[in-house]
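Engineer: Sequence and predicted structure below; questions after.
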Amino acid sequence: MATHCIMNFEEEPIIRVNDATIYQGMHPILSDLQFDIKKGEFVFLIGRTGSGKTSLLKTLYADLPLKAGEINVAEFDLKTIKNVAIPFLRRKLGIIFQDFQLLMDRNVEENLQFVLRATGWRDKSMMKRKIAEVLIKVGLGLASKKMPHQLSQGEQQRVVIARSLLNNPFILLADEPTGNLDPVVADEILELFREINCGGTAVLMATHNYQFIEKHPQRVFKCEHGRINLYSA
């Protein structure tokens, strides 16, 4: 069933980009970037392979340094952020990869416990409740003891999304989260993102799937010719 919700965007953006340049190594790949993403907003990010989508996302979660311009994410200034502050930034973000990056030698619950411990959780009963909560939210309430190899690709991606929700992020940064999934499962994952967005979490989703954009019109940023522009079909 399609998700419909009406969001009232708050004034202060969760991401604010001003005259920024995104680098791959020593080479600028995106220049003169100027955009905001508001709390609760859903934005698609499109562009050809190599156009800078992944580099932009990596810069937003401080995996790549910001060398020029200004970017503020969840009230963190990426130009001046210190290494010790990066884990605190990432607690406010949900980061979702195409290739899942699950720990294959641990079951679902242990994968999620690993993230909670890494982000400062210590109370075992609170951790157990939080894990149950996010697994129910992504439709995997009975999967906590399963190993990743026992799950379909779509179920593995749901675990990744559950993992991203553990610390109640302000925004999900999703890099081609449906790229390895068949069309039916991809639609289910997109619908899950939309449900999460309706709960108030902003989403920035990089995708090659233009059908998503046609079915679910949202603001769309296109990486092209070293710039990001608003896209209209």
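Structural biologist: On my side now, so go ahead. No experiment lies behind these values; they were computed from the predicted model shown.
Engineer: what residue lies at the spatial centre of the chain?
Structural biologist: Centroid-nearest residue in the chain, with C-alpha atoms, centre = their mean: Leu173, separated by 2.0 Å.
Engineer: hey, where'd the strands end up in this structure?
Structural biologist: 13-24, 27-38, 42-47, 68-73, 76-77, 93-96, 171-175, 202-206, 219-224, 227-230 (DSSP state E).
Engineer: got TSV for the ones you listed, with distance to Tyr61 too?
Structural biologist: Placement of C-beta: from N, CA and C, glycine included. Below are the strands of the chain laid out as TSV (distance: least, C-beta to C-beta, whole Å):
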stretch	distance to Tyr61
strand 13-24	11
strand 27-38	13
strand 42-47	14
strand 68-73	8
strand 76-77	10
strand 93-96	6
strand 171-175	6
strand 202-206	11
strand 219-224	17
strand 227-230	17
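Engineer: Now render those as JSON lines, adding distance to Ile196 and mean pLDDT.
Structural biologist: Compiled in JSON lines, the strands of the chain are given as follows (distance: least, C-beta to C-beta, whole Å; pLDDT from 0 to 100):
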{"stretch": "strand 13-24", "distance to Ile196": "14", "mean pLDDT": "95"}
{"stretch": "strand 27-38", "distance to Ile196": "15", "mean pLDDT": "95"}
{"stretch": "strand 42-47", "distance to Ile196": "9", "mean pLDDT": "94"}
{"stretch": "strand 68-73", "distance to Ile196": "18", "mean pLDDT": "97"}
{"stretch": "strand 76-77", "distance to Ile196": "22", "mean pLDDT": "96"}
{"stretch": "strand 93-96", "distance to Ile196": "9", "mean pLDDT": "93"}
{"stretch": "strand 171-175", "distance to Ile196": "7", "mean pLDDT": "96"}
{"stretch": "strand 202-206", "distance to Ile196": "7", "mean pLDDT": "96"}
{"stretch": "strand 219-224", "distance to Ile196": "17", "mean pLDDT": "94"}
{"stretch": "strand 227-230", "distance to Ile196": "24", "mean pLDDT": "91"}
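Engineer: Let me know which of these is the nearest to Thr119.
Structural biologist: strand 93-96 (11.1 Å; C-beta to C-beta).
Engineer: strands paired with that closest one, and their directions?
Structural biologist: strand 171-175 (parallel) (DSSP bridges).
Engineer: what's the partner strand in contact with?
Structural biologist: Identification of contacts with strand 171-175 by C-beta atoms under 8 Å, 6 or more residues apart in numbering yields 14-15, 37, 39, 53-54, 57, 60-61, 73-74, 92-98, 161, 164, 193, 196, 201-206.
Engineer: do stretch 116-129 as well
Structural biologist: 87, 90-91, 113, 130-131, 166-167.
Engineer: Could you give the average pLDDT over it?
Structural biologist: Summarised as a single mean, pLDDT over stretch 116-129 is 92.
Engineer: And stretch 176-194, by the same measure?
Structural biologist: 91.
Engineer: Pairing partners for Gly28 in the sheet, please.
Structural biologist: Heads up, residue 28 is Pro, not Gly. Tyr23.
Engineer: give me the number of residues near it?
Structural biologist: Look at Pro28: counted by other C-beta atoms under 10 Å, it has 16 neighbours.
Engineer: and if you look at Leu181?
Structural biologist: Using other C-beta under 10 Å: Leu181 sits among 20 other residues.
Engineer: got it, and Asp36?
Structural biologist: Neighbour tally, Asp36, other C-beta under 10 Å: 15.
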